[in-house]
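A.B. asks: Here is the input, now give the coordinates:
(4 chains)
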There are 2 protein chains.
Amino acid sequence: MGRWEPDARGRLIRAAMELYAERGFDQTTAGDIAERAGVTERTFFRYFPDKREVLFDGSDLMLKAAYEAIADAPADSSPLDAALEGVVACGRLLEDRHEFAVRRAKIVAATPSLQERELLKLAAMTDAVADALRQRGVPDPSASLAAHSAITVFHVAFVRWVSDDDPPDYAACVADAAAALRALT
Amino acid sequence: MGRWEPDARGRLIRAAMELYAERGFDQTTAGDIAERAGVTERTFFRYFPDKREVLFDGSDLMLKAAYEAIADAPADSSPLDAALEGVVACGRLLEDRHEFAVRRAKIVAATPSLQERELLKLAAMTDAVADALRQRGVPDPSASLAAHSAITVFHVAFVRWVSDDDPPDYAACVADAAAALRALT
DNA sequence: CTGGCTATGTCAGTGACTGACATCGACGCT
DNA sequence: AGCGTCGATGTCAGTCACTGACATAGCCAG
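C.D. replies: Below you'll find the predicted structure:
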């Protein structure tokens, strides 16, 4: 593998999480992270296109999971129900990592620049969900609106899941949020 | 006023729009914008905290407009209806400036980094709407979900308003999107 | 016409990111 | 064992976003 220890990527992610939590995102330089991970700043930027992306490593996995879950949803599901299947599938990727998610969420909440990136990832998920719905024959603007609604549910459920002191499981948060959404209209 | 011509801020905004459209956001330096506006790079950063913000000048006006419209909504409106009043109020700030909005939207669509900022502004609007709803006594998670739904409507309506060749008025786009949203459930 | 206030200019510095090039270490081939 | 290749890393120099400290120019009040 590499020149020294294996898993430079993993070491960089852990080092970044530690440093962002200890002194804050803005007070951490790329060089700091690299040093703690035992590599060079240049190597950091070979693994991650920028300082923020290091906190969003598995996000493309969630995209795929959502897309596939929607493709596999029962043919007679409503657009919103199908989209919510995607959200639930994403949730399964999170269940095991509650503590990690909480630590990460605190860092993101403290830094507008990281919130921007998080919102961009959510927008990418929205697009993926909308595409998956169109693939099932759902026309616009229903596809787009159902996608936005599903991601809203995902978002609201996620916020509750990481901020509640006594964490219910993520699927329950999603179910509650979805029910509350339907109650709105 | 200033040392030379008045309205440095306006000149900077116009210069930035031109340059971003001509060569793209990434190919434009802050110095380029300042030069075209007849000031120094340093002065640019006195008016705007960063290169992106120059495209989001009136966004806090929309925040206030939304908040106040929701506060003034009829007491018996449903949370979602009240939130949509806020969206309609924002729309009134846009009606006159369709051409500007289209040019701006093209620039934003071409640049992920600007999309991030736009999403952050939408998130700020979501928070403002949710606050306004809570002020009316709407409890969470309904306030949050209604706010997200209203901003979804705003967003979907806006995208249609700036991409349709034959632009209907913004209020109509909002009404259509809201109706489609209700039809989802 | 003088002192103060505000918008601007100047300058030096930090840090994110990039491209070009050198080097190291593992692995396969002979 | 010796050799060549290749991918991961290091080194270096450069651009540009952004910031703090300080100088200066026009304006207005007295």
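
A.B. asks: which residues touch the most centrally placed residue in chain A?
C.D. replies: Nearest to the mean C-alpha position of chain A, by Cα atoms, centre = their mean, lies A:Ser59 at 5.2 Å. A:Ser59 is in contact with A:Lys121, A:Ala124, counting by Cβ atoms under 8 Å, 6 or more residues apart in numbering or on different chains. Any C-beta I mention is one placed from the backbone N, CA and C, and that applies to glycine too.

A.B. asks: next one: A:Tyr67
C.D. replies: Residues in contact with A:Tyr67 (Cβ under 8 Å, 6+ apart) are A:Gly86, A:Ala128, A:Val129, A:Asp131, A:Ala132.

A.B. asks: Between these, which sits nearest chain B?
C.D. replies: Of all the contacts of A:Tyr67, A:Val129 has the smallest distance to chain B: 12.6 Å, by Cβ to the nearest Cβ.

A.B. asks: hang on, that closest one packs against A:Ala150?
C.D. replies: Yes. A:Val129 is within contact range of A:Ala150, at 5.7 Å (criterion: Cβ atoms under 8 Å).

A.B. asks: For the two, list the residues in contact with both.
C.D. replies: Shared contacts of A:Val129 and A:Ala150, counting by Cβ under 8 Å, 6+ apart, come down to A:Ala83, A:Gly86, A:Val87.

A.B. asks: Now do the helices for chain A: every range, in order, please.
C.D. replies: Secondary structure of chain A by DSSP state H: the helices cover A:8-23, A:30-37, A:41-47, A:59-71, A:79-94, A:98-109, A:112-135, A:142-163, A:170-183.

A.B. asks: Dump stretch A:60-73 to CSV, keeping only the CA atoms.
C.D. replies: Only the C-alpha atoms of stretch A:60-73 are listed here, as CSV (Å, rounded to 0.1, in the frame of the first residue of the first chain):
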residue,chain,number,x,y,z
ASP,A,60,-22.6,8.8,-1.6
LEU,A,61,-23.4,5.5,-0.1
MET,A,62,-26.6,7.0,1.3
LEU,A,63,-27.4,8.4,-2.1
LYS,A,64,-27.2,4.9,-3.6
ALA,A,65,-29.1,3.3,-0.8
ALA,A,66,-32.0,5.7,-1.2
TYR,A,67,-32.1,5.4,-4.9
GLU,A,68,-32.2,1.6,-4.8
ALA,A,69,-34.7,1.4,-2.0
ILE,A,70,-37.1,3.6,-4.0
ALA,A,71,-36.6,1.5,-7.1
ASP,A,72,-37.4,-1.6,-5.0
ALA,A,73,-40.5,-0.1,-3.4
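
A.B. asks: So which bits of stretch A:10-28 are buried?
C.D. replies: A:Arg11, A:Leu12, A:Ile13, A:Ala15, A:Ala16, A:Met17, A:Leu19, A:Tyr20, A:Phe25, A:Thr28 (16 or more other Cβ atoms under 10 Å in any protein chain shown).

A.B. asks: Is any residue of stretch A:97-115 near DNA strand D?
C.D. replies: No. Shown here: stretch A:97-115 not in contact with DNA strand D (Cβ under 7 Å from any atom of the strand), separated by at least 9.1 Å.
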